[in-house]
Every structure is written in structure tokens, then in C-alpha cells.
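Visitor: here is a sequence with its predicted model. Questions after.
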Amino acid sequence: MTTEHIKLTEFSHGAGCGCKISPKLLKEILGTKLDSFVDSNLLVGHESSDDAAVYDLGDGRALISTTDFFMPIVDDPFDFGMIAGSNALSDVYAMGGKPLMAISIFGWPINMLSTDVGAKVIDGGREICKQAGINLAGGHSIDSPEPIFGLSVSGIVEIKNLKRNIGAQVNDTLFLTKPLGIGILSTAQKKKIVGTNDHATAVKQMCTLNDIGYKLAAIHGVNAVTDVTGFGLAGHLLEVCKGSNTSAEISFDKLPLLPNILKYIENDCVPGGTQRNFDSYGDQLSRISNLERSIICDPQTSGGLLVSVSNEALGEFDKLMELNGLNLNPIGKITQKNDESKTIVLK
């Protein structure tokens with residue numbers, strides 16, 4: 001079989017960030033035990049489920065460290081490498097940082113797929129690193145029953161510009177920098193019913209860096225940032241609300257969607273990860289329809305940044321978005337926490 005006829009998604013049981021362990025099971029695995037050793041220079045660890053770890057370098061800057069990898073979400077090996085790399089780099093951008101270098105994580109079924117195909121995956125990883133202005137400086141590989149690729153990324157941030165998934169304030173406006181629906185379209189691809197143009201649009205979006213996060217970092221009043229990946233919009237917004245001791249309202253009809261998503265939902269192209277997400281945190285959502293659940297719990301791969309912006313910073317935020325070709329509409333608000341209501345309410 002030539003590399004042109006290889007369909008990588010046929011060699012994996014999951015796709016992209018839809019492979020992630022559900023929030024509920026992940027919580028059980030990680031447990032509640034605290035680290036016995038505490039380094040005061042560790043500014044961000046795992047306590048708030050943030051996008052990356054952050055270590056104080058002692059000179060006003062901090063090192064950002066993150067890793068992300070998954071199984072193929074597309075058939076083309078080069079695109080797979082680019083998407084996995086873009087997804088990993090997103091964690092650094094979500095913290096307001098600038099990537100410094102990357103190390104690859106590569107698992108390959110050597111008895112099933114040729115090295116030529118694997119080389120194209122690595123080439124895709126190199127290309128997205130080049131776009132980010134860094135080197136793919138090395139890595140580690142194993143013989144794996146399924147193809148796996150991702151990056152461990154190191155970045156740098158001015159501590160005064162560090163962005164986290166906590167710190168959202170009541171009355172902040174919420175924005176999302178990329179449309180939703182990647183999980184739905186990837187399921188349509190597996191079912192071989194995705195339209196050519198729709199698939200191309202999804203691939204282009206997943207290969208697009210979230211480097212706007214580095215530019216957002218300088219805006220005082222951008223109170224919280226996180227990237228939306230495998231836990232879906234609702235799951236990552238819940239992390240923001242929990243860490244900020246707030247609730248949120250989402251205007252469902254304002255959510256940006258990839259083309260023809262509703263048609264694919266009607267054709268039962270809802271990934272299994274959507275139900276796993278809902279099972280994990282559905283009790284924290286207001287009563288929602290099956291359609292709404294299919295959208296806000298849809299696992300994203302290399303999804304957009306979810307940004308919480310104060311009223312005072314909206315003008316500067318809008319100007320930056322316009323200068324970078326992003327025409328964003330608000331998708332909701334951060335609200336006062338009410339113990340008697342659901343954390344996220346859909347309007």
C-alpha cells in the first residue's frame with residue numbers, strides 16, 4: 001500500500017482529543033492526594049487543571065512546560081503531524097507565553113505502517129513548529145499498537161502577563177476564537193459521509209496556531225484564558241468557573257459553528273466522547289436539549305481559546321482581534337456563583 005492510500009484513522013480506536021480520558025475518570029486516577037514536596041517557584045501545577053505548568057525563573061519571567069499527544073484525527077500523515085503539534089503548542093499560547101522549543105512524542109505500529117508514513121507525520125510536526133518560530137529539537141519513539149504523535153513544548157512568559165484558567169470576574173464577557181464542531185466532523189469522516197469542503201475547513205482550522213494568546217497576554221482585563229479541547233466547551237468553561245468561584249451563562253445561538261454541523265448531527269455523527277463528557281459534568285449544566293449537548297460537549301482538537309474579558313478591556317480586545325483578522329462575537333457572560341443553581345446556564 002502506498003503512502004497516498006494510507007488512511008491513518010483506520011489504525012486507531014479514537015481520534016484526536018476525543019481520545020482523552022473523561023473528566024470523571026481522570027479525577028479518579030489523579031486522586032486528591034497533594035504533593036509531599038512543594039517548590040515555591042512552581043507558580044502553576046495541576047491543582048487548577050490549567051493548560052500547562054509554570055516555573056518562576058527568578059527574573060520576572062517564567063518557564064512554561066506542557067505535553068499533548070493523541071491518535072490520528074485525519075488520514076493524511078502530514079496533516080496529522082501539523083494538527084497534533086498545533087494542539088500541543090496551544091497550551092503555551094493559552095498561558096500567554098511564547099514557545100521556545102519542542103520535543104516529539106512518537107508511537108508507531110512498525111509492523112503495520114511503513115516508516116515513510118511515519119516520516120510524513122514528523123515532517124508535519126516540523127512544519128507547525130517552523131510556523132511557531134521554533135525547532136523540533138528531538139524526541140522519543142516507541143513501537144506502539146496504534147499511531148501516536150504529539151509534542152512536549154517549553155515556552156517563556158513574563159510573569160506579569162501570565163494568563164490562567166482562573167481569575168474570571170463577574171460580568172466578564174466570554175469569547176471563543178475558533179468555531180465548534182471538530183468532533184462531529186471527525187465522526188462524519190470516520191463514517192465516510194463528510195463533505196470535501198467541510199473536511200478541508202476543519203483541517204485548516206486545526207492546523208491554525210492559537211498564537212493570538214501571546215498577543216492577548218499584554219491586555220490588562222483579559223482575566224482568564226484556556227484552550228478548548230477534549231472536554232468540550234462546557235468542560236473547559238466549568239474549569240474556569242470552578243477556579244474563579246463563578247458561574248456562567250452561554251448564549252447557544254451565538255456559538256460559532258463549523259459549516260453544516262447541524263446536518264451531521266442529524267446524521268448521527270456525534271462522537272462517543274460527547275456522551276462521556278456529559279456523563280462527567282452534565283449535572284452542572286442547566287437543562288439542555290440533545291442538540292445543545294451535541295455542541296457544547298463536543299470534544300475539540302486544536303480548538304480555539306476561551307477568553308474572559310472585563311468590560312474595561314473590551315475596546316482594546318476588539319481592536320486586537322480586528323488587527324489579526326478575527327471577527328468575534330460574545331458567546332456569554334461570567335455570572336455570580338449561586339449554590340442553588342447550575343454552574344453553566346444556557347440561554
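Guide: Cool, the structure landed. The structure presented is a predicted model; accordingly, all values stated were derived computationally and were not measured.
Visitor: can we go C-alpha only for contacts and neighbour counts from here?
Guide: Fine.
Visitor: what sits against the nearest residue to E158 once chain neighbours are set aside?
Guide: Excluding the flanking residues, the one nearest E158 by CA to CA, 6 or more residues apart in numbering is R61, at 4.5 Å. Listed by CA atoms under 8 Å, 6 or more residues apart in numbering, the contact partners of R61 are I156, V157, E158, I159.
Visitor: could you rerun that using 10 Å?
Guide: By CA atoms under 10 Å, 6 or more residues apart in numbering, R61 lies in contact with V54, Y55, I156, V157, E158, I159, K160, N161, L162.
Visitor: pLDDT value on K33, please?
Guide: Listed pLDDT for K33 reads 64.
Visitor: which helix or strand contains K342?
Guide: Under the criterion DSSP states H and E, no helix or strand holds K342.
Visitor: which residues sit in contact with L258?
Guide: Neighbour list for L258: K178, P179, L180, G181, I182, I184, L185, D198, H199, T201, A202, Q205 [criterion: CA under 10 Å, 6+ apart].
Visitor: hey, C-alpha coordinates of stretch 226-241 in CSV?
Guide: Only the C-alpha atoms of stretch 226-241 are listed here, as CSV (Å, rounded to 0.1, in the frame of the first residue of the first chain):
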residue,chain,number,x,y,z
THR,A,226,-7.9,28.5,28.3
ASP,A,227,-8.0,26.4,25.2
VAL,A,228,-11.0,24.3,24.3
THR,A,229,-10.0,20.7,23.6
GLY,A,230,-11.2,17.2,24.5
PHE,A,231,-13.6,18.1,27.4
GLY,A,232,-15.6,20.4,25.1
LEU,A,233,-16.6,24.0,25.5
ALA,A,234,-18.7,23.1,28.6
GLY,A,235,-16.0,21.1,30.3
HIS,A,236,-13.3,23.8,29.9
LEU,A,237,-15.7,26.6,30.9
LEU,A,238,-16.6,24.6,34.0
GLU,A,239,-12.8,24.6,34.9
VAL,A,240,-12.8,28.3,34.5
CYS,A,241,-15.8,28.7,36.7
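Visitor: any idea which of the contacts of L258 is closest to N223?
Guide: Using CA to CA, K178 is the member of these that lies nearest N223, at 18.9 Å.
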